[in-house]
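Undergrad: Let me see the structure of the following:
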Amino acid sequence: MLTSKKTVRQSYTISSDSCWLGLVNEVHDYCEFTRDKGQDQKSINAAVSLNKICESDFKKTSNDQLREFVNRIFKFNIAFAFWSQKQESTFPVATLNDIILSDKLHPINKLKLPFNSPHIPTGLINAIVAKWCSETRQKTPNDIMTNYIEPMVSIQNGVGDGFHVGSSEAFHIFAQFCDDQLREGYFDTTVSKSSESMKRMEKDMLELRRLVDTINSEIKASKHTKREISKEKLQQKKDANRSYIKLEKRYLAEQEELKSAMSHKSLYVNRAIEFYLKAIELSNDTNGNDTDVDRFCALWLENIDLKII
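TA: Residues are numbered from 1 along each chain as shown. Below is the predicted model of the structure:
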């Protein structure tokens, strides 16, 4: 393959960068092909070849952005190759995180590249890292939402650059992640527990309030009857007031947790519906998005009482 590329470059006066970029495209396609076939070692070997091209042939180029782009393709493929082996999860995630950080500093959508260059949107990389972190529990769902999903929402609503934000696959992964969190029932369980806990505390607070009021009434009555209130009664009132204050603080904390759970559930529902709809809109496969359509409709109907975007 390398020999044929050199021959083409000599015959048609193609620039060195363009010629090697064409080779990068082919090796990238080969990486995807071997991964799909489950040939992990061949996929790793091909990714290593990309690194050699980057370090040798693109090392001489004056186009720093092009060299960074080829290095990006290498990192993406080597991360996927190692992930496919199911033996190492930290390295693939860290490698894709390097790409995300690099994209923030040097947005890939601003590069002037040939139309047939490998198309790997930042949004798709974010989606893959979110999926991997969720599967391996390297990050909490809230961390994943904050670090990988919400930034893409901001870009989508602002810039809206398809290369930068993502494809149907990216939005499908985002939607499935949000949907999975809802299906696990964590938010519903938290809401239910907090609600029940608050009801119990309301009952206890009411009893304490009644006790204090009763003792206060006795104290008021004693002024007219000149009966002395026992020290035990006064201590009982003091203890009841202390318990009420502590219980009230717990109640307010539980109330905040309930609000947070309901807010998070609303966010995940909205995002899942939004992402499923976007995945359906961008899909080129008229027969391949039935699941997305089903889940979009189901979520909409199940949460009709929530404020949907």
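
Undergrad: shaky segments in the stretch 201-309 of the chain?
TA: Low-confidence segments of the stretch 201-309 of the chain (pLDDT under 70): 223-227, 285-288, 306-309.

Undergrad: What is the neighbour count of K131?
TA: 17 (other Cβ atoms under 10 Å). In short, each C-beta sits where N, CA and C put it, glycine included.

Undergrad: again with A272
TA: For A272, the count of nearby residues is 25 (other Cβ under 10 Å).

Undergrad: Skip the chain neighbours and tell me the closest residue to it.
TA: In space, and not counting its chain neighbours, A272 is closest to C178: 3.8 Å by Cβ to Cβ, 6 or more residues apart in numbering.

Undergrad: That neighbour: which element?
TA: Here C178 sits within helix 168-183, counting by DSSP states H and E.

Undergrad: Quick check: next helix or strand after that helix?
TA: Going down the chain from helix 168-183, the next helix or strand is helix 186-225, by DSSP H and E.

Undergrad: What residues of that next one count as buried?
TA: Within helix 186-225, the residues that count as buried by 16 or more other Cβ atoms under 10 Å are 187, 190-191, 194, 197-198, 201, 205, 208, 211-212, 215.

Undergrad: just checking, next helix/strand downstream of that helix?
TA: Toward the C-terminal end, the helix or strand that comes next after helix 186-225 (DSSP H and E) is helix 231-282.

Undergrad: okay, the angle between that next one and helix 186-225?
TA: Computed by axes from the mean of the first three to the mean of the last three Cα atoms, to 10 degrees, the angle separating helix 231-282 from helix 186-225 equals 160 degrees.

Undergrad: between helix 231-282 and helix 168-183, how many degrees?
TA: Computed with the same axes, to 10 degrees, the direction of helix 231-282 lies at 150 degrees from that of helix 168-183.

Undergrad: Could you look up the next helix or strand downstream of helix 231-282?
TA: Sequence order places helix 290-302 as the next helix or strand after helix 231-282, per DSSP H and E.

Undergrad: Could you check how far that following helix is from the centre of its chain?
TA: Relative to its chain's centre, helix 290-302 lies at 20 Å (Cα atoms, centre = their mean, to the nearest Å).

Undergrad: Can you point out the buried residues in it?
TA: Buried residues in helix 290-302, counted by 16+ other Cβ under 10 Å: 292, 295-296, 299-300.

Undergrad: Columns distance to I304 on top of the buried residues of helix 186-225, output as CSV?
TA: Output for those, formatted as CSV (distance: Cβ to Cβ, whole Å):
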residue, distance to I304
F187, 17
T190, 21
V191, 17
S194, 23
S197, 27
M198, 25
M201, 31
M205, 34
L208, 40
L211, 44
V212, 44
I215, 49
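
Undergrad: Which of those residues sits closest to N97?
TA: When those are compared for distance to N97 (Cβ to Cβ), F187 wins out at 27.2 Å.

Undergrad: correct me, but that closest one touches H264?
TA: Yes - between F187 and H264 there is a contact under Cβ atoms under 8 Å: 6.0 Å.

Undergrad: which stretches of the stretch 51-200 of the chain have low pLDDT?
TA: Residue ranges of the stretch 51-200 of the chain with pLDDT under 70: 57-63, 108-117, 154-166.

Undergrad: show me where it has helices.
TA: In the stretch 51-200 of the chain, the helices defined using DSSP state H, counting those that start in this stretch lie at 64-84, 90-105, 122-136, 141-144, 150-158, 162-165, 168-183, 186-225.

Undergrad: Give the other helices and strands that the third one contacts.
TA: Secondary structure elements in contact with helix 122-136, counted by 3 or more Cβ pairs under 8 Å, 6 or more residues apart in numbering; DSSP states H and E, are helix 90-105, helix 141-144, helix 150-158, helix 162-165, helix 168-183.

Undergrad: Skipping adjacent residues, who's closest to K237 in space?
TA: I215 (4.4 Å).

Undergrad: Surely that neighbour touches D239?
TA: No - judged on Cβ under 8 Å, I215 makes no contact with D239 at a distance of 10.7 Å.

Undergrad: Could you list which residues are in contact with S84?
TA: Contacts here follow Cβ atoms under 8 Å, 6 or more residues apart in numbering; on that basis S84 touches 35, 38, 40, 43.

Undergrad: List just the nearest of the residues you listed to W132.
TA: For the contacts of S84, the nearest to W132 is R35 (14.5 Å; Cβ to Cβ).

Undergrad: I'd like to know how far that closest one sits from A79.
TA: Using Cβ to Cβ, to the nearest Å, R35 is found at 11 Å from A79.

Undergrad: So if I had to pick from these two, which one is more boxed in?
TA: Between R35 and A79, A79 has the larger neighbour count (other Cβ under 10 Å), namely 24 against 20.
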